[in-house]
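Student: Based on what follows, work out the 3D shape:
(one chain, ligands or ions: 4)
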Amino acid sequence: ANLIRDLRIALQDEQFEIYYQPIEDLRTGEVYKAEALIRWNHPENGLVSPISFIPLLEETRMIIDLGDWIFTQAAKQAQIWRDKFHDDFQVNVNTSPLQFQSKKTKYWYQRLQDLNISPGAIGIEITESMLMEGQENISEHLIELRDQGFQVALDDFGTGYSSLAYLKKFDIDYLKIDKSFVNQIAEDSDDKVLCEAIIIMAHRLGLDVVAEGIETEQQKSLLKSIECDYGQGYHLSKPLPKAAFDKYLEERY
Ligand code: G
Ligand code: G
Ligand code: MN
Ligand code: NA
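Tutor: Ligands and ions are numbered 1, 2, ... in the order given. As a prediction, this is how the structure comes out:
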(Lines give C-alpha, C1' and ligand atoms only; values in the text may rest on other atoms or scores of the structure.)
(Ligands and ions follow the chains in the order given, each with its own letter.)
Protein backbone atom coordinates (compact mmCIF):
# COMPACT_ATOMS: atom_id res chain seq x y z
CA ALA A 1 0.00 0.00 0.00
CA ASN A 2 2.89 2.33 0.78
CA LEU A 3 4.40 1.62 -2.59
CA ILE A 4 1.12 2.52 -4.30
CA ARG A 5 0.97 5.78 -2.35
CA ASP A 6 4.58 6.51 -3.30
CA LEU A 7 3.78 5.81 -6.96
CA ARG A 8 0.92 8.30 -6.93
CA ILE A 9 3.23 10.90 -5.45
CA ALA A 10 5.89 9.97 -8.01
CA LEU A 11 3.44 10.68 -10.86
CA GLN A 12 2.54 14.07 -9.41
CA ASP A 13 6.09 15.07 -8.55
CA GLU A 14 7.57 13.78 -11.80
CA GLN A 15 10.00 11.41 -10.14
CA PHE A 16 10.01 9.25 -13.25
CA GLU A 17 12.84 9.57 -15.73
CA ILE A 18 13.32 8.00 -19.12
CA TYR A 19 16.63 6.30 -19.84
CA TYR A 20 17.65 5.55 -23.41
CA GLN A 21 19.59 2.51 -24.55
CA PRO A 22 21.28 2.68 -27.97
CA ILE A 23 20.36 0.17 -30.68
CA GLU A 24 23.21 -0.13 -33.18
CA ASP A 25 22.86 -0.93 -36.86
CA LEU A 26 25.32 -3.83 -36.95
CA ARG A 27 25.69 -3.52 -40.73
CA THR A 28 27.02 0.05 -40.62
CA GLY A 29 27.90 0.70 -36.98
CA GLU A 30 25.49 3.67 -36.90
CA VAL A 31 23.15 4.39 -33.99
CA TYR A 32 19.80 5.88 -34.97
CA LYS A 33 17.48 3.88 -32.71
CA ALA A 34 17.08 3.73 -28.96
CA GLU A 35 14.82 1.96 -26.48
CA ALA A 36 13.11 4.12 -23.85
CA LEU A 37 13.27 2.45 -20.41
CA ILE A 38 11.48 4.00 -17.47
CA ARG A 39 13.31 4.64 -14.19
CA TRP A 40 11.98 5.84 -10.87
CA ASN A 41 14.08 8.16 -8.76
CA HIS A 42 12.62 7.37 -5.36
CA PRO A 43 13.42 10.21 -2.91
CA GLU A 44 14.64 7.76 -0.25
CA ASN A 45 15.38 4.48 -2.03
CA GLY A 46 17.16 5.92 -5.06
CA LEU A 47 16.78 4.36 -8.50
CA VAL A 48 14.04 1.69 -8.49
CA SER A 49 13.84 -0.98 -11.21
CA PRO A 50 10.68 -1.11 -13.35
CA ILE A 51 10.42 -4.84 -12.69
CA SER A 52 9.22 -3.98 -9.20
CA PHE A 53 6.78 -1.20 -10.07
CA ILE A 54 5.39 -1.83 -13.59
CA PRO A 55 3.06 -4.60 -12.30
CA LEU A 56 1.74 -2.23 -9.62
CA LEU A 57 1.23 0.54 -12.15
CA GLU A 58 -0.78 -1.95 -14.20
CA GLU A 59 -2.88 -3.10 -11.24
CA THR A 60 -3.73 0.50 -10.38
CA ARG A 61 -4.15 1.48 -14.06
CA MET A 62 -1.64 4.28 -13.50
CA ILE A 63 0.35 2.82 -16.41
CA ILE A 64 -2.23 4.36 -18.76
CA ASP A 65 -1.26 7.94 -17.93
CA LEU A 66 2.41 7.18 -17.38
CA GLY A 67 2.54 5.32 -20.71
CA ASP A 68 1.09 8.38 -22.42
CA TRP A 69 3.67 10.61 -20.78
CA ILE A 70 6.48 8.27 -21.86
CA PHE A 71 5.14 8.24 -25.43
CA THR A 72 5.11 12.03 -25.67
CA GLN A 73 8.53 12.48 -24.06
CA ALA A 74 10.04 9.78 -26.28
CA ALA A 75 8.59 11.37 -29.42
CA LYS A 76 9.85 14.85 -28.54
CA GLN A 77 13.28 13.43 -27.77
CA ALA A 78 13.34 11.44 -31.01
CA GLN A 79 12.59 14.65 -32.92
CA ILE A 80 15.46 16.45 -31.18
CA TRP A 81 17.83 13.65 -32.19
CA ARG A 82 16.34 13.66 -35.71
CA ASP A 83 17.16 17.33 -36.07
CA LYS A 84 20.59 16.96 -34.52
CA PHE A 85 21.96 13.60 -35.68
CA HIS A 86 19.93 11.42 -38.02
CA ASP A 87 16.75 11.97 -40.10
CA ASP A 88 15.45 8.50 -39.30
CA PHE A 89 16.10 8.56 -35.58
CA GLN A 90 13.57 6.42 -33.76
CA VAL A 91 12.80 5.83 -30.09
CA ASN A 92 11.10 2.58 -29.09
CA VAL A 93 8.58 2.56 -26.28
CA ASN A 94 7.50 -0.52 -24.33
CA THR A 95 3.75 -0.86 -23.99
CA SER A 96 1.27 -2.52 -21.64
CA PRO A 97 -2.06 -4.01 -22.80
CA LEU A 98 -4.05 -1.48 -20.74
CA GLN A 99 -2.74 1.36 -22.89
CA PHE A 100 -4.51 -0.17 -25.89
CA GLN A 101 -7.60 -1.32 -23.99
CA SER A 102 -8.10 2.20 -22.62
CA LYS A 103 -7.98 3.42 -26.24
CA LYS A 104 -5.41 6.07 -25.32
CA THR A 105 -3.28 4.88 -28.22
CA LYS A 106 -6.05 6.08 -30.57
CA TYR A 107 -4.87 9.63 -29.91
CA TRP A 108 -1.17 9.05 -30.49
CA TYR A 109 -1.22 9.92 -34.18
CA GLN A 110 -3.05 13.20 -33.59
CA ARG A 111 -0.72 14.05 -30.69
CA LEU A 112 2.27 13.75 -33.03
CA GLN A 113 0.48 15.72 -35.75
CA ASP A 114 -0.02 18.55 -33.24
CA LEU A 115 3.66 18.40 -32.33
CA ASN A 116 4.69 18.23 -36.00
CA ILE A 117 6.49 14.93 -35.42
CA SER A 118 6.38 12.03 -37.87
CA PRO A 119 5.00 8.70 -36.52
CA GLY A 120 8.20 7.10 -37.85
CA ALA A 121 9.96 8.66 -34.86
CA ILE A 122 8.33 6.05 -32.63
CA GLY A 123 8.67 2.27 -32.53
CA ILE A 124 6.04 0.47 -30.47
CA GLU A 125 7.37 -2.59 -28.63
CA ILE A 126 4.79 -5.25 -27.91
CA THR A 127 5.11 -8.74 -26.46
CA GLU A 128 3.63 -11.97 -27.69
CA SER A 129 1.29 -12.25 -24.74
CA MET A 130 -0.39 -9.03 -25.88
CA LEU A 131 -1.35 -10.72 -29.13
CA MET A 132 -2.79 -13.77 -27.46
CA GLU A 133 -6.36 -14.88 -27.85
CA GLY A 134 -8.87 -12.71 -26.02
CA GLN A 135 -6.92 -9.52 -26.66
CA GLU A 136 -8.43 -9.19 -30.12
CA ASN A 137 -8.90 -5.41 -29.98
CA ILE A 138 -5.19 -4.90 -29.36
CA SER A 139 -4.26 -6.34 -32.72
CA GLU A 140 -6.82 -4.10 -34.41
CA HIS A 141 -5.28 -1.05 -32.74
CA LEU A 142 -1.84 -2.17 -33.80
CA ILE A 143 -2.88 -2.50 -37.42
CA GLU A 144 -4.30 1.02 -37.26
CA LEU A 145 -1.14 2.43 -35.65
CA ARG A 146 1.01 0.72 -38.25
CA ASP A 147 -1.15 2.12 -41.06
CA GLN A 148 -0.59 5.55 -39.52
CA GLY A 149 3.18 5.10 -39.87
CA PHE A 150 4.31 3.84 -36.48
CA GLN A 151 6.71 0.91 -36.52
CA VAL A 152 5.92 -2.16 -34.45
CA ALA A 153 8.49 -4.47 -32.89
CA LEU A 154 7.83 -7.84 -31.26
CA ASP A 155 9.83 -7.84 -28.02
CA ASP A 156 11.30 -10.80 -26.10
CA PHE A 157 10.89 -12.95 -29.20
CA GLY A 158 11.17 -16.66 -28.55
CA THR A 159 10.08 -16.64 -24.91
CA GLY A 160 6.30 -16.76 -25.44
CA TYR A 161 3.91 -19.30 -26.90
CA SER A 162 3.54 -20.09 -30.61
CA SER A 163 5.62 -17.14 -31.72
CA LEU A 164 5.46 -18.33 -35.31
CA ALA A 165 1.68 -18.16 -35.51
CA TYR A 166 1.80 -14.49 -34.55
CA LEU A 167 4.33 -13.72 -37.25
CA LYS A 168 1.90 -15.09 -39.78
CA LYS A 169 -1.11 -13.29 -38.39
CA PHE A 170 0.23 -9.82 -37.64
CA ASP A 171 2.25 -7.49 -39.79
CA ILE A 172 5.14 -6.15 -37.78
CA ASP A 173 8.36 -4.37 -38.74
CA TYR A 174 10.95 -6.16 -36.70
CA LEU A 175 11.48 -8.63 -33.96
CA LYS A 176 13.79 -8.52 -30.98
CA ILE A 177 15.49 -11.80 -30.11
CA ASP A 178 15.30 -12.22 -26.37
CA LYS A 179 18.55 -11.88 -24.46
CA SER A 180 18.25 -15.44 -23.13
CA PHE A 181 19.22 -16.67 -26.64
CA VAL A 182 22.07 -14.17 -26.99
CA ASN A 183 23.54 -14.89 -23.55
CA GLN A 184 25.27 -18.13 -24.50
CA ILE A 185 25.49 -17.62 -28.24
CA ALA A 186 29.28 -17.88 -28.24
CA GLU A 187 29.34 -21.00 -26.04
CA ASP A 188 26.17 -22.88 -26.90
CA SER A 189 25.88 -24.06 -30.49
CA ASP A 190 22.12 -24.65 -30.10
CA ASP A 191 21.56 -21.00 -29.25
CA LYS A 192 23.63 -19.98 -32.25
CA VAL A 193 21.57 -22.25 -34.52
CA LEU A 194 18.33 -20.85 -33.08
CA CYS A 195 19.45 -17.24 -33.63
CA GLU A 196 20.55 -18.06 -37.16
CA ALA A 197 17.23 -19.73 -37.95
CA ILE A 198 15.24 -16.83 -36.49
CA ILE A 199 17.23 -14.34 -38.56
CA ILE A 200 16.85 -16.28 -41.82
CA MET A 201 13.13 -16.74 -41.23
CA ALA A 202 12.62 -13.09 -40.30
CA HIS A 203 14.45 -11.88 -43.39
CA ARG A 204 12.40 -14.15 -45.63
CA LEU A 205 9.29 -12.62 -44.06
CA GLY A 206 10.64 -9.13 -44.70
CA LEU A 207 11.39 -8.34 -41.06
CA ASP A 208 14.51 -6.85 -39.49
CA VAL A 209 16.03 -8.39 -36.39
CA VAL A 210 17.39 -6.80 -33.22
CA ALA A 211 19.49 -8.94 -30.87
CA GLU A 212 19.10 -7.94 -27.22
CA GLY A 213 21.50 -8.42 -24.34
CA ILE A 214 24.82 -8.25 -26.22
CA GLU A 215 27.44 -8.23 -23.48
CA THR A 216 30.67 -9.12 -25.30
CA GLU A 217 32.51 -8.26 -28.51
CA GLN A 218 32.45 -11.95 -29.39
CA GLN A 219 28.65 -12.06 -29.21
CA LYS A 220 28.44 -8.94 -31.33
CA SER A 221 30.74 -10.20 -34.10
CA LEU A 222 29.02 -13.58 -34.11
CA LEU A 223 25.63 -11.90 -34.55
CA LYS A 224 27.07 -9.76 -37.35
CA SER A 225 28.37 -12.88 -39.07
CA ILE A 226 24.87 -14.41 -39.09
CA GLU A 227 23.50 -11.15 -40.54
CA CYS A 228 21.62 -9.84 -37.55
CA ASP A 229 20.55 -6.28 -38.47
CA TYR A 230 20.64 -4.49 -35.11
CA GLY A 231 22.17 -5.03 -31.69
CA GLN A 232 21.47 -3.77 -28.19
CA GLY A 233 23.18 -4.55 -24.90
CA TYR A 234 25.60 -3.52 -22.19
CA HIS A 235 28.58 -4.14 -24.49
CA LEU A 236 27.35 -1.30 -26.71
CA SER A 237 25.98 0.80 -23.87
CA LYS A 238 23.85 0.58 -20.78
CA PRO A 239 20.59 2.56 -20.77
CA LEU A 240 21.60 6.21 -20.29
CA PRO A 241 19.93 9.36 -18.99
CA LYS A 242 18.95 11.76 -21.79
CA ALA A 243 22.00 14.03 -21.41
CA ALA A 244 24.44 11.12 -21.36
CA PHE A 245 22.79 9.60 -24.42
CA ASP A 246 23.09 12.92 -26.22
CA LYS A 247 26.80 12.95 -25.39
CA TYR A 248 27.10 9.36 -26.62
CA LEU A 249 25.64 10.45 -29.96
CA GLU A 250 27.83 13.59 -30.09
CA GLU A 251 30.88 11.33 -29.91
CA ARG A 252 29.64 9.15 -32.76
CA TYR A 253 28.35 11.79 -35.19
O1 G B 1 15.39 -1.55 -18.13
P2 G B 1 15.00 -2.74 -17.32
O3 G B 1 15.74 -3.98 -17.50
O4 G B 1 15.12 -2.43 -15.89
O5 G B 1 13.44 -3.01 -17.58
C6 G B 1 12.79 -4.03 -16.91
C7 G B 1 11.46 -4.34 -17.55
O8 G B 1 10.58 -3.22 -17.48
C9 G B 1 11.58 -4.73 -19.03
O10 G B 1 10.76 -5.88 -19.24
C11 G B 1 10.98 -3.57 -19.74
O12 G B 1 10.31 -3.97 -20.93
C13 G B 1 10.01 -2.99 -18.72
N14 G B 1 9.84 -1.57 -18.97
C15 G B 1 10.80 -0.62 -18.94
N16 G B 1 10.28 0.59 -19.26
C17 G B 1 8.97 0.38 -19.51
C18 G B 1 7.89 1.22 -19.91
O19 G B 1 8.04 2.42 -20.15
N20 G B 1 6.66 0.65 -20.04
C21 G B 1 6.46 -0.68 -19.83
N22 G B 1 5.22 -1.15 -19.98
N23 G B 1 7.44 -1.50 -19.46
C24 G B 1 8.68 -1.00 -19.32
O1 G C 1 11.86 -6.69 -21.64
P2 G C 1 12.61 -5.69 -22.43
O3 G C 1 13.34 -6.31 -23.56
O4 G C 1 11.81 -4.51 -22.84
O5 G C 1 13.68 -5.07 -21.44
C6 G C 1 14.99 -4.95 -21.76
C7 G C 1 15.73 -5.08 -20.46
O8 G C 1 17.04 -5.61 -20.69
C9 G C 1 15.92 -3.75 -19.76
O10 G C 1 15.66 -3.95 -18.43
C11 G C 1 17.39 -3.44 -19.96
O12 G C 1 17.90 -2.65 -18.92
C13 G C 1 17.98 -4.84 -19.98
N14 G C 1 19.25 -4.96 -20.69
C15 G C 1 19.71 -4.20 -21.70
N16 G C 1 20.92 -4.64 -22.14
C17 G C 1 21.21 -5.71 -21.38
C18 G C 1 22.34 -6.61 -21.36
O19 G C 1 23.28 -6.52 -22.12
N20 G C 1 22.28 -7.62 -20.43
C21 G C 1 21.23 -7.78 -19.58
N22 G C 1 21.28 -8.79 -18.72
N23 G C 1 20.16 -6.95 -19.59
C24 G C 1 20.15 -5.94 -20.48
MN1 MN D 1 11.69 -3.85 -24.77
NA1 NA E 1 13.19 -7.86 -24.56
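Student: Let me see the contact set for V48.
Tutor: Shown in contact with V48 (Cβ atoms under 8 Å, 6 or more residues apart in numbering): 39-42. All C-beta atoms are positioned from the backbone trio N, CA, C, and that covers glycine.
Student: try R39
Tutor: Contacts of R39 (Cβ under 8 Å, 6+ apart): 16-19, 47-48, 50, 239.
Student: what's across from it in the sheet?
Tutor: With DSSP bridges as the criterion, R39 is bridged to E17.
Student: For it, report the pLDDT, please.
Tutor: With respect to pLDDT, R39 scores 96.
Student: so where's the stretch 1-150 of the chain shaky on pLDDT?
Tutor: 1, 133-135 (pLDDT under 70).
Student: Show me where it has its helices.
Tutor: 2-13, 50-59, 62-84, 97-101, 108-115, 136-147 (DSSP state H, counting those that start in this stretch).
Student: Just the buried positions in the third one, please.
Tutor: Counting neighbours by 16 or more other Cβ atoms under 10 Å, one finds that the buried residues in helix 62-84 are 62-64, 66-68, 70-75, 77-79, 81-82.
Student: Quick one: buried ones out of the contacts of V48?
Tutor: Buried subset of these (neighbour count, 16+ other Cβ under 10 Å): 39-40, 42.
Student: Can you tell me which of those residues is closest to ligand 1?
Tutor: The shortest approach to ligand 1 among the buried ones among the contacts of V48 belongs to R39, at 7.7 Å (Cβ to the nearest ligand atom).
Student: hang on, isn't L98 packed against T60?
Tutor: No. Under the criterion of Cβ atoms under 8 Å, L98 makes no contact with T60, lying 10.2 Å away.
Student: Please identify which of these two sits among more neighbours.
Tutor: L98 (16 against 13; other Cβ atoms under 10 Å).
Student: show me the residues around that one that make contact.
Tutor: Taking Cβ under 8 Å, 6+ apart, one finds 58, 61, 63-64, 67 in contact with L98.
Student: Is it possible to get a markdown table of these that adds distance to A243?
Tutor: Putting the contacts of L98 into a markdown table (distance: Cβ to Cβ, whole Å) gives the following:
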| residue | distance to A243 |
| --- | --- |
| E58 | 29 |
| R61 | 31 |
| I63 | 26 |
| I64 | 28 |
| G67 | 23 |
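Student: got the residues of the protein near ligand 4?
Tutor: Within reach of ligand 4 by Cβ under 5 Å from the ion, the chain has these residues: 155-156, 212.
Student: Quick check: the farthest pair among the contacts of V48?
Tutor: For the contacts of V48, the farthest-apart pair by Cβ to Cβ is R39 and H42; their separation is 9.9 Å.
Student: For the stretch 101-250 of the chain, just list every one of the strands.
Tutor: With DSSP state E, counting those that start in this stretch as the criterion, the stretch 101-250 of the chain has strands at 122-127, 151-157, 174-177, 208-211, 230-231, 240-241.
Student: Can I get those strands in JSON lines including mean neighbour count?
Tutor: JSON lines is the format used below for the strands of the stretch 101-250 of the chain (neighbours: other Cβ atoms under 10 Å):
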{"stretch": "strand 122-127", "mean neighbour count": "22"}
{"stretch": "strand 151-157", "mean neighbour count": "23"}
{"stretch": "strand 174-177", "mean neighbour count": "25"}
{"stretch": "strand 208-211", "mean neighbour count": "25"}
{"stretch": "strand 230-231", "mean neighbour count": "22"}
{"stretch": "strand 240-241", "mean neighbour count": "15"}
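Student: Out of these, the one nearest ligand 2 is which?
Tutor: So among those, strand 151-157 is nearest, using Cβ to the nearest ligand atom, at 5.1 Å.
Student: Contacts (any at all) between ligand 3 and the closest one?
Tutor: Yes. Counting by Cβ under 5 Å from the ion, ligand 3 is contacted by strand 151-157 at D155.
Student: Lovely, talk soon.
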